[in-house]
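**Q** below are the sequence and a predicted model for it; my questions follow.
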Amino acid sequence: MSASAFKTLYTHMIQNGGNYSALPQALLKKDLQVFVKETKPYFLVSDSFFYVPAYFTQAAVNEYNSKFPNVKIADLDKKVIVITKWSLELIKVNSADVFTSYAGVECRLIVHSFKPQLKESLHPTRYPTNLYRDDEFKTTIQAFRHQQVVAAASKSKNDMAPISGGGNVSQGVLKNSCGEWKFTEGNTKVVAVSDGKAKKSVPTAAAKVSSGKKAATKKAAKAAKKGSAVDALETAGTKAGKSSKVGKKSATRRAPATPEGGKATQGSTSRMTVKAYQNWLEKVKSKKAKK
């Protein structure tokens, strides 16, 4: 395991499916002495190898302000702090918006109590980098992702939509997507402290990634009213000699992020539904029968 304390803790958290209580007790009892990389716009802390954001509870901020009224939290930039009480939580996020996340998931360091070490100075031996850009840690998240997809698929064996095509071709297609994370999210209330004072609560709930799916569903419903995808293709084929615009122009709008960390792209033509495909097969069979 890496000498990085953050990488060790976060890897255990991912491998245990976000179950904080399942982490080794020897790790949970330790204080975290960290170097404050920056306080604005995000409060980033480093273990001299990697940096991660720290999320503070209201109680932690109140305790700090009462004990150290002359040192604002924002003034801790490039200082050393000791986190004496902390916890970890997994949160679903949009990785296109949250740079300290990967594949739609973020492991959060929740600070419940901390104190500054103003007389101590820490000089990192190397420039800390974003933990979520480390290849080994990304592989850990990908492995967790794979486990969830396999588990979701195995539970959906009875939820298959059979498709019968020409010849003896047959497939089983899952009706429901297995693309969403399935784990218990943390719900600890945290506050923003970029200026040294507690601000409006920072939401711990995930940025929903279903908006893109809803938009695609509405678009598909609208297209269905005008005609099936098969009819659209057939019509385009008959007019190919008069016009070169057979398919639709690909969308240029920025696509929303997906749980896999990539972007959902729009197709260059209308999507064909299972029902439309079956109707098309019936048309082909009827034409062959007439011949």
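**A** That came through, no problem. Numbering: from 1, shown residues only.
**Q** which residues in this protein form helices?
**A** Listed in chain order, the helices of the chain (DSSP state H) span 5-15, 25-28, 58-67, 135-155, 211-226, 229-238, 274-290.
**Q** wouldn't Gln33 be in contact with Trp86 here?
**A** No - here Gln33 lies out of contact with Trp86, judged by Cβ atoms under 8 Å, at a distance of 11.8 Å. (Each C-beta comes from the backbone N, C-alpha and C, glycine too.)
**Q** and those two? Which one has more around it.
**A** Ranked by neighbour count (other Cβ atoms under 10 Å), Gln33 and Trp86 place Trp86 first, with 19 against 16.
**Q** let me see the contact set for the more buried one.
**A** Neighbour list for Trp86: Leu32, Leu109, Ile110, Val111, His112 [criterion: Cβ atoms under 8 Å, 6 or more residues apart in numbering].
**Q** highest neighbour count among the residues you listed?
**A** In terms of neighbours by other Cβ under 10 Å, the contacts of Trp86 top out with Val111 at 26 neighbours.
**Q** so what pLDDT did it get?
**A** Predicted confidence (pLDDT) for Val111: 97.
**Q** what residues are bridge-paired with it?
**A** Listed by DSSP bridges, the beta-bridge partners for Val111 are Phe56, Trp86.
**Q** contacting residues for it?
**A** Ala54, Tyr55, Phe56, Thr57, Ala60, Ile83, Lys85, Trp86.
**Q** the contacts of Trp86 into a markdown table, with extra columns for distance to Ile14?
**A** Shown next, in a markdown table, are these (distance: Cβ to Cβ, whole Å):
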| residue | distance to Ile14 |
| --- | --- |
| Leu32 | 18 |
| Leu109 | 14 |
| Ile110 | 16 |
| Val111 | 20 |
| His112 | 21 |
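**Q** can you get me a residue count around Asp135?
**A** 7.
**Q** wait, doesn't Ile81 sit right on Val34?
**A** Yes - counting by Cβ under 8 Å, Val34 is a contact partner of Ile81 at 6.1 Å.
**Q** can you pull the buried residues of stretch 110-126?
**A** Residues of stretch 110-126 classed as buried: Ile110, Val111, Ser113, Phe114, Pro116, Leu122 (neighbour count, 16 or more other Cβ atoms under 10 Å).
**Q** gap between the two ends of it?
**A** 25 Å (Cα to Cα, to the nearest Å).
**Q** stretch 72-81 now?
**A** Using Cα to Cα, one end of stretch 72-81 lies 13 Å from the other.
**Q** what of stretch 99-113?
**A** Stretch 99-113 has an end-to-end distance of 25 Å (criterion: Cα to Cα).
**Q** where are the low-confidence patches of the stretch 151-291 of the chain?
**A** Within the stretch 151-291 of the chain, the ranges that satisfy pLDDT under 70 run 155-179, 194-272, 290-291.
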